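**Student:** Pasting a predicted model and its sequence here:
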Amino acid sequence: MSLIKKAKKNASREWENELKSELDVSIVPVEVHEYCKNKIHFLKNAHTNKPKVEVHHQSSVYTVQGILPITKKRLEEMKIENIRHKMKKKLDKVIEHDVNSCPACIKAQEVLAQKQFINAKKTHLQNKLIDERIQKHLETLNSVSLIGELAANLPKLSDDPKQVWSLLLSK
């Protein structure tokens, strides 16, 4: 009797090893992997009279076609995926917006136009002030004006020579 059990165990281990080698676990979803594992375990223990009591902390909320359990985690992932899909659809829609009839856009254009007008006037007045300063500088500091100022400050022939010398030496 024990030889038969050992032979069955060896056969089932070989079968499991073949199944594991054929399946790539990274491709199979976790729920499917758990389902297959539970089903294999059930089939192995179906012929024995002593059912093993195993506690699974997997909280199954719903089942797909009554077969695959859907965990709370997977349900949350599906909800998030659904929200992302809806958001992508909304973003893909072409939003038609008429700038000429939108009150907010019209107001923004008015404010922008007012700022541009003020900046243009400010620049114009600054340029005008700079031009006036340049003109005044050219008028007052040209060579003829400088020679005229120098001639005006020179002492006159009618001045007392002692005063001229004292002024010259004091500077």
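**Tutor:** Okay, I see it.
**Student:** for the protein, where's the lowest mean pLDDT among helices and strands?
**Tutor:** Using mean pLDDT, DSSP states H and E, the weakest-scoring helix or strand in the chain turns out to be strand 60-64, at a mean of 51.
**Student:** Name the next helix or strand downstream of that strand, please.
**Tutor:** Going down the chain from strand 60-64, the next helix or strand is strand 68-71, by DSSP states H and E.
**Student:** Tell me where the model's unsure across this protein.
**Tutor:** Residue ranges of the chain with pLDDT under 70: 1-29, 46-68, 94.
**Student:** For it, just list every one of the helices.
**Tutor:** With DSSP state H as the criterion, the chain has helices at 2-22, 30-45, 72-92, 103-140, 143-153, 161-170.
**Student:** Now mean neighbour count too, for those helices, in a markdown table please.
**Tutor:** Every residue, glycine included, has its C-beta placed from N, CA and C. Listed next are the helices of the chain as a markdown table, based on neighbours: other CB atoms under 10 Å:
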| stretch | mean neighbour count |
| --- | --- |
| helix 2-22 | 10 |
| helix 30-45 | 13 |
| helix 72-92 | 10 |
| helix 103-140 | 10 |
| helix 143-153 | 9 |
| helix 161-170 | 10 |
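**Student:** CA-only coordinates of stretch 132-142, as PDB, when you get a sec.
**Tutor:** C-alpha atoms of stretch 132-142 as PDB (Å, rounded to 0.1, in the frame of the first residue of the first chain):
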ATOM      1  CA  GLU A 132      15.600 115.500 -25.400                       C
ATOM      2  CA  ARG A 133      18.600 114.800 -23.100                       C
ATOM      3  CA  ILE A 134      20.800 113.900 -26.000                       C
ATOM      4  CA  GLN A 135      19.800 117.100 -27.900                       C
ATOM      5  CA  LYS A 136      20.400 119.300 -24.800                       C
ATOM      6  CA  HIS A 137      23.800 117.700 -24.300                       C
ATOM      7  CA  LEU A 138      24.800 118.300 -27.900                       C
ATOM      8  CA  GLU A 139      23.600 121.900 -27.800                       C
ATOM      9  CA  THR A 140      25.400 122.700 -24.500                       C
ATOM     10  CA  LEU A 141      28.600 120.700 -25.000                       C
ATOM     11  CA  ASN A 142      29.500 121.500 -28.600                       C
END
